[in-house]
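Peer 1: just need the structure, nothing else, for what follows:
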Amino acid sequence: MKLKRILGVMVVVGLTVPGMAWATNGYFSHGYGMKAKGMGGVGIALPQDALAAANNPAGMVMVGDRLDVGVDWFRPIRDAEIVGSLAPGVNGDYNGSDQKNFFVPEFGYNKMLGWNMSLGVSVYGNGGMNTNYKNGIPLFDGAPPIARAGVDLSQLFIAPTFAYKINKNHAVGISLNLAYQRFKAYGLQNFTAPGFSVSSTDVTNNGYDSSTGWGIKLGYTGNLTDAVTIGATYQSRTRMGKFSDYKGLFAEKGDFDIPENYGIGIAVKATPQLTIAADIQQINYGAIDAVSNKVDCFFAGMCQLGANNGPGFGWSDMTVFKLGLSYAYSQNLTLRGGFSTTNQPISKSQTLFNMLAPGVIENHLTLGATWATSPTSEWTVSYMHGFSKKVNGSSSISAGFGSGNANLKMYQDSLGIAYGMKF
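Peer 2: Numbers count the residues shown, from 1 in each chain. Model (predicted):
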C-alpha cells in the first residue's frame with residue numbers, strides 16, 4: 001500500500017467529515033493517538049504508534065515501520081444560562097448542544113530508513129470548538145423569530161516528519177505542520193448594528209470559510225537509563241491565512257493563528273509490565289488576539305469587532321498536567337489509564353462571548369487497551385470522560401446589553417478505536 005494513496009484518502013476523510021469538532025484543553029485535544037488518549041494524553045516521552053509526531057516528532061524513529069488508522073466518537077454537552085438581566089425575555093437556560101455527536105479521524109504512517117532514521121506522516125485534529133443553540137441567544141440575534149445561533153471551528157494537521165537517532169539512546173525529530181481550518185458563525189445579527197464592527201457584512205451567516213498555514217514542531221527524546229526516558233517538544237505558532245468572510249468578527253480582520261505550545265515528559269518502566277508516564281504541556285492562547293483579547297473595550301465603546309484591538313474570547317494561557325499508566329497484562333493485552341488536569345482559560349468577566357466557545361473543561365479521566373491479534377496487527381480502544389465544569393460570570397454582561405451574567409457549563413465523553421499494523 002503506497003503512502004501517497006493512504007495519505008490522500010485520509011486527508012479527504014479528515015476534511016469532509018461533517019461537523020468535525022472537539023474541545024478539551026481549551027480547543028486542543030486531550031491527547032493525540034489512540035494509545036496516548038487512553039493514558040491521559042501522555043506521549044512526549046512515550047511514543048507508541050505512528051501518531052507519535054503529534055506529541056513529539058523524535059518518537060517516530062522509536063516506533064518502527066507501522067501504519068495506524070482510527071476514529072474517535074466525541075460527545076460534548078454544552079450549556080449556558082443568563083441570570084440577572086434587565087432585558088426582557090433574556091434570562092433563562094440555553095442548550096448549545098443541538099448537535100452532540102462528532103467523529104474525529106486519525107492516521108499515521110512511519111517508515112524506517114535504516115536503523116537510525118525514519119520518515120513518516122501523522123494526520124490529526126489539533127482542536128476545534130462547536131456550539132449549536134437551536135433556539136438562538138436573544139442578546140446575539142434579537143429579532144423574532146429567534147434564529148439558530150452558534151459557531152463551528154475545525155482544525156486539521158498534516159505533519160510530514162523526519163526523525164534521527166543520534167545514538168542508540170537519543171533521538172531528535174522535526175515535523176512540518178501543514179494546517180487547514182474552517183469556520184462558520186450564525187445567529188449573531190445583533191453584532192452587525194452600526195458601529196459594532198469594522199465590516200458588518202462579515203460578522204455572521206456567511207457559511208464556511210477556510211484558511212491554510214504552516215509551522216514546525218521540534219522534538220527530542222532520550223533514554224537516561226534502561227528504565228527512564230525523557231522527552232521535550234516545541235511547536236511554533238502556526239501562521240494561518242485570514243478568514244476573509246469573518247473579517248468583521250475576529251480581531252485583526254479575520255486573523256486566527258494556531259498558538260505555539262511546548263512540553264516536557266518522562267516515562268518510567270517501574271516493572272517489566274508497568275510503565276508510568278507524565279507530561280506537562282503549555283498552550284499559549286494569550287498570544288492569539290482573536291482568542292485572547294477581552295470584550296471590555298467593546299462594551300465600553302472603545303473598539304469594534306474585527307479591529308486590530310477588537311474583542312476576542314478573553315482566553316488566557318493554559319498549563320496541562322497529564323499522568324498515565326500502561327500495564328502489559330499478557331503478551332497480547334495491554335491495559336491503560338490516565339488523568340489530566342488544568343485551569344480552564346476563561347475568566348468570570350468574559351463569559352458572554354464564550355457562550356459560543358465554552359471550553360471550560362479542566363479534568364479528564366481516561367481508560368484504554370490494546371489487543372494484539374497477531375505479531376503484526378493490533379486493535380486499540382480508548383475512553384475519555386471530561387468532568388462537568390461550571391463557570392459563573394461576574395459582571396460579564398454590560399449595562400448596554402442589559403446587565404446580568406452569563407454562566408457556562410460543559411462535560412464530555414469520547415470513545416475511540418484504532419487499528420495498527422507493523423510491517
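
Peer 1: how much space is there between L365 and Q412?
Peer 2: Using Cβ to Cβ, to the nearest Å, L365 is found at 11 Å from Q412. No exception for glycine: its C-beta is placed from N, CA and C like everyone else's.

Peer 1: okay, these two: which has more neighbours?
Peer 2: Legend: neighbour count by other Cβ atoms under 10 Å for L365 and Q412, higher for Q412 (21 against 14).

Peer 1: ok, and the closest non-adjacent residue to that one?
Peer 2: Spatial nearest neighbour of Q412, chain neighbours left out: G386 (3.5 Å); criterion: Cβ to Cβ, 6 or more residues apart in numbering.

Peer 1: bridged to A406, which residues?
Peer 2: Under the criterion DSSP bridges, A406 forms beta bridges with I82.

Peer 1: what about it, neighbour count?
Peer 2: If we define neighbours as other Cβ under 10 Å, then A406 has 27 of them.

Peer 1: what does the one 5 residues further on give?
Peer 2: Counted with other Cβ under 10 Å, the burial measure for Y411 works out to 17 neighbours.

Peer 1: same deal with K322?
Peer 2: For K322, using other Cβ under 10 Å, the count is 28.

Peer 1: quick one: residues contacting D279.
Peer 2: For D279, the contacting residues are 41-45, 55, 263-265, 320-322, by Cβ atoms under 8 Å, 6 or more residues apart in numbering.

Peer 1: pretty sure N205 is touching Y186, no?
Peer 2: Yes - at 5.1 Å, N205 counts as touching Y186 under the criterion of Cβ atoms under 8 Å.

Peer 1: out of the two, which sits in the busier spot?
Peer 2: Y186 (20 against 15).

Peer 1: I'd assumed R148 was in contact with that one.
Peer 2: Yes - between Y186 and R148 a contact is recorded at 6.5 Å, counting by Cβ under 8 Å.

Peer 1: I'd like to know which of the contacts of D279 are buried.
Peer 2: 41-45, 55, 263-265, 320, 322 (16 or more other Cβ atoms under 10 Å).

Peer 1: let me know the secondary structure of P358.
Peer 2: At P358 the chain is in coil, as set by DSSP: H, G, I helix; E, B strand; the rest coil.

Peer 1: which residues touch it?
Peer 2: Contact analysis of P358 by Cβ under 8 Å, 6+ apart lists 78, 80, 96, 131, 346, 391, 408-410.

Peer 1: of these, which is the nearest to P375?
Peer 2: M410 (42.3 Å; Cβ to Cβ).

Peer 1: which SSE is the closest one in?
Peer 2: Using DSSP states H and E, M410 maps to strand 405-422.

Peer 1: in that strand, which residues are buried?
Peer 2: Neighbour-count burial for strand 405-422, counted by 16+ other Cβ under 10 Å, picks out 405-412, 414, 416, 418, 420-422.

Peer 1: nearest to G286 among those residues?
Peer 2: Relative to G286, the closest of the buried residues of strand 405-422 is L408; by Cβ to Cβ it sits at 19.3 Å.

Peer 1: does that closest one touch S396 like I think?
Peer 2: No - assessed by Cβ under 8 Å, L408 is found out of contact with S396, at 9.6 Å.

Peer 1: for the strand holding M410, packing partners?
Peer 2: Strand 405-422 sits against helix 34-37, strand 66-83, strand 377-391, with contacts defined as 3 or more Cβ pairs under 8 Å, 6 or more residues apart in numbering; DSSP states H and E.

Peer 1: switch the cut-off to 10 Å
Peer 2: helix 34-37, strand 66-83, strand 92-95, strand 102-112, strand 363-374, strand 377-391 (3 or more Cβ pairs under 10 Å, 6 or more residues apart in numbering; DSSP states H and E).

Peer 1: rewinding a little: now do the shared contacts for L365 and Q412.
Peer 2: The contact sets of L365 and Q412 overlap at 384-387 (Cβ atoms under 10 Å, 6 or more residues apart in numbering).

Peer 1: now the buried members of the residues you listed.
Peer 2: Buried among the shared contacts of L365 and Q412 by 16+ other Cβ under 10 Å: 384, 386.

Peer 1: among the shared contacts of L365 and Q412, which pair sits farthest apart?
Peer 2: So, these by Cβ to Cβ: farthest apart are M384 and F387, at 10.5 Å.

Peer 1: which stretches of the stretch 101-250 of the chain have low pLDDT?
Peer 2: Residues of the stretch 101-250 of the chain meeting the criterion pLDDT under 70: 127, 142-146.

Peer 1: which residue ranges of it form helices?
Peer 2: Applying DSSP state H, counting those that start in this stretch to the stretch 101-250 of the chain gives helices spanning 138-141.

Peer 1: surely Q282 is in contact with G263?
Peer 2: Yes - between Q282 and G263 there is a contact under Cβ atoms under 10 Å: 6.4 Å.

Peer 1: lovely, talk soon.
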